[in-house]
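Next comes the sequence, and after it the predicted model I'd like to discuss.
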Amino acid sequence: MKRIDGKSSVLLGAALLLAASCVVEGEDALAEDWPGIASLQFAQGRSMMHECGASVIAERWVLTAAHCVDEARIERSGKAAQFRRREDGMMQRLGPMRVAIGRTDLAADEDVKTYAVTGIHIHPDYVAGEFERGSDIALLQIEAGYKGPYMRVDGLDSGPVDLVEGSYGYVAGYGNTEEMDASEGSLNARGRAVYAPSLRLQQAALLLIGPDECKAALDDVIERHELGGIYGDYSIGETTVCAGGGQTDSCYGDSGGPLVMRDDYGEPTQIGIVSWGLGCARAGSPGVYTRADHFTPWIEQITQLQSPPG
């Protein structure tokens with residue numbers, strides 16, 4: 001297939017290349033260390049299916065990747081449902097979209113409340129299904145009820161974060177822990193089945209890579225696997241940040257989740273959104289993240305949140 005999901009899958013001969021994405025070679029994380037960490041899900045009967053990561057940045061506002069919701073629709077009820085385009089071109093309804101927030105374990109945590117999505121705002125420069133061309137960012141509005149904590153966003157809730165090549169960012173999510181992982185399932189406290197590549201939140205440290213080095217590495221992977229017809233028009237630059245390229249990486253199911261840097265007190269600021277990559281934790285293949293601070297004016301416009309003065 002060409003694409004399923006931003007760190008999604010491309011099958012080319014014997015090589016499975018995942019384009020946006022659980023955390024590979026990571027470690028167990030605690031949701032309390034990731035304020036506003038969220039799982040974007042859809043309901044199928046009494047089962048909840050994790051699809052993407054996200055972060056809650058303010059009351060009723062959730063930040064995620066555009067490719068996670070570019071086929072979702074607001075229905076007559078005023079709430080969103082997830083859809084998928086079938087091979088025959090028809091849209092198939094998968095189920096109502098819900099957001100689970102602050103879960104260390106998507107099934108084992110006692111909190112089972114989820115929030116309906118009541119609004120979907122995709123950046124106007126995003127081209128549906130073409131996440132590699134950039135602007136892979138979306139804001140979701142959710143129903144009232146969640147009171148925090150929230151994820152601080154670079155350039156919005158704080159002064160600009162200095163993204164120095166060779167420093168480390170941190171990523172978290174419920175995606176694959178290996179490139180070919182299968183989904184896990186378990187019953188939550190309400191008796192609903194919950195499925196995700198990893199029910200337990202994972203985290204990992206990733207080395208930040210400059211745009212020139214990132215593009216050279218991706219060009220090499222694309223050339224070696226003859227992927228130019230699919231990824232020949234990808235965008236790396238001021239709207240993206242690259243990280244990884246070694247044994248640790250984000251993977252399928254992490255798309256839309258936060259890439260953060262931590263201050264001297266360990267407090268996180270989101271600098272990126274998991275977008276895409278070619279494989280999971282493949283040597284020489286860094287992951288690409290939407291750069292949050294570039295889109296601060298758009299976030300302010302949609303949410304009416306304000307950047308700090310100065």
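Thanks, I have the structure now.

and the gap between the nearest residue to K147 once chain neighbours are set aside and I142?
In space, and not counting its chain neighbours, K147 is closest to E59: 7.1 Å by C-beta to C-beta, 6 or more residues apart in numbering. Glycine gets a C-beta too; all of them are placed from N, C-alpha and C. Going from E59 to I142 by C-beta to C-beta, to the nearest Å gives 9 Å.

same question, C251
26 Å.

Neighbour count for these two, which is higher?
With neighbours defined as other C-beta atoms under 10 Å, C251 and I142 compare such that C251 has more, 33 against 25.

Please identify the buried residues of stretch 89-104?
For stretch 89-104, the buried set under the neighbour-count rule, 16 or more other C-beta atoms under 10 Å, comprises L94, G95, P96, M97, R98, V99, A100, I101, G102, R103, T104.

For the fifth one, give me phi and psi.
I take that to be R98. Main-chain torsions, R98, degrees, to the nearest 10: phi -140, psi 160.

Bridge partners for it, pull those for me.
Q41, A116 (DSSP bridges).

OK, contacts around it?
R98 makes contact with Q41, F42, A43, M48, T114, Y115, A116, V117 under the criterion C-beta atoms under 8 Å, 6 or more residues apart in numbering.

quick check, nearest of those to G237?
V117 (30.4 Å; C-beta to C-beta).

do you know how far the residue nearest to K147 is from K113?
With the distance defined as C-beta to C-beta, E59 ends up 15 Å from K113.

that older thread, mind listing what the residue nearest to K147 touches?
Listed by C-beta under 8 Å, 6+ apart, the contact partners of E59 are A144, Y146, K147, G148, Y150.

Any of those residues buried? List them.
Among those, those classed as buried by 16+ other C-beta under 10 Å are Y146, Y150.

Same list, the contacts of E59, but as a markdown table with secondary structure please.
Shown next, in a markdown table, are these (DSSP: H, G, I helix; E, B strand; the rest coil):
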| residue | secondary structure |
| --- | --- |
| A144 | coil |
| Y146 | coil |
| K147 | coil |
| G148 | coil |
| Y150 | coil |
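
Tell me the one among the contacts of E59 nearest to T269.
In terms of C-beta to C-beta, no member of those lies closer to T269 than Y150, at 11.6 Å.

low pLDDT regions in the chain?
Scanning the chain for pLDDT under 70 picks out 1-26, 158, 177-182, 247-249, 281, 307-310.

would you list every one of the helices in it?
Taking DSSP state H as the test, the helices found in the chain are 211-224, 228-231, 296-303.

Including mean neighbour count and distance to Y126, could these go into CSV?
Below are the helices of the chain laid out as CSV (neighbours: other C-beta atoms under 10 Å; distance: least, C-beta to C-beta, whole Å):
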stretch, mean neighbour count, distance to Y126
helix 211-224, 16, 19
helix 228-231, 14, 16
helix 296-303, 16, 11
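
could the ones you listed go into JSON lines alongside distance to V161?
Formatted as JSON lines, these follow (distance: least, C-beta to C-beta, whole Å):
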{"stretch": "helix 211-224", "distance to V161": "16"}
{"stretch": "helix 228-231", "distance to V161": "28"}
{"stretch": "helix 296-303", "distance to V161": "12"}
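
For G185, find the nearest of those.
Across the helices of the chain, closest to G185 is helix 228-231 (C-beta to C-beta), at 31.6 Å.

Now do the closest one: distance to the chain's middle.
22 Å (C-alpha atoms, centre = their mean, to the nearest Å).

packing partners for that helix?
The contact analysis (3 or more C-beta pairs under 8 Å, 6 or more residues apart in numbering; DSSP states H and E) places helix 228-231 against helix 211-224.

wouldn't E184 be in contact with N176 here?
No - applying C-beta atoms under 8 Å, one finds E184 not in contact with N176, separated by 10.4 Å.

Give me the common contacts of these two.
Common neighbours of E184 and N176 (C-beta under 8 Å, 6+ apart) are P197, S198.

Looking at those two, which is more packed in?
Higher neighbour count among E184 and N176: N176, with 28 against 18, using other C-beta under 10 Å.

could you measure the more buried one against K215, distance?
25 Å.

Could you do P149 as well?
36 Å.

For the closest residue to P268 other than its chain neighbours, which residues count as its bridge partners?
Counting by C-beta to C-beta, 6+ apart, the nearest residue to P268 once its immediate chain neighbours are dropped is V260, at 3.8 Å. Judged by DSSP bridges, the bridge partners of V260 are Y170, Q270.

I figured L63 was touching G272, is that so?
No - counting by C-beta under 8 Å, L63 stays clear of G272, with 10.5 Å between them.

got any residues that touch both of these two?
Residues touching both L63 and G272 by C-beta under 8 Å, 6+ apart: P258, A292.

coming back round to it: list the ones among the buried residues of stretch 89-104 that fall in strands.
L94, G95, P96, M97, R98, V99, A100, I101 (DSSP state E).
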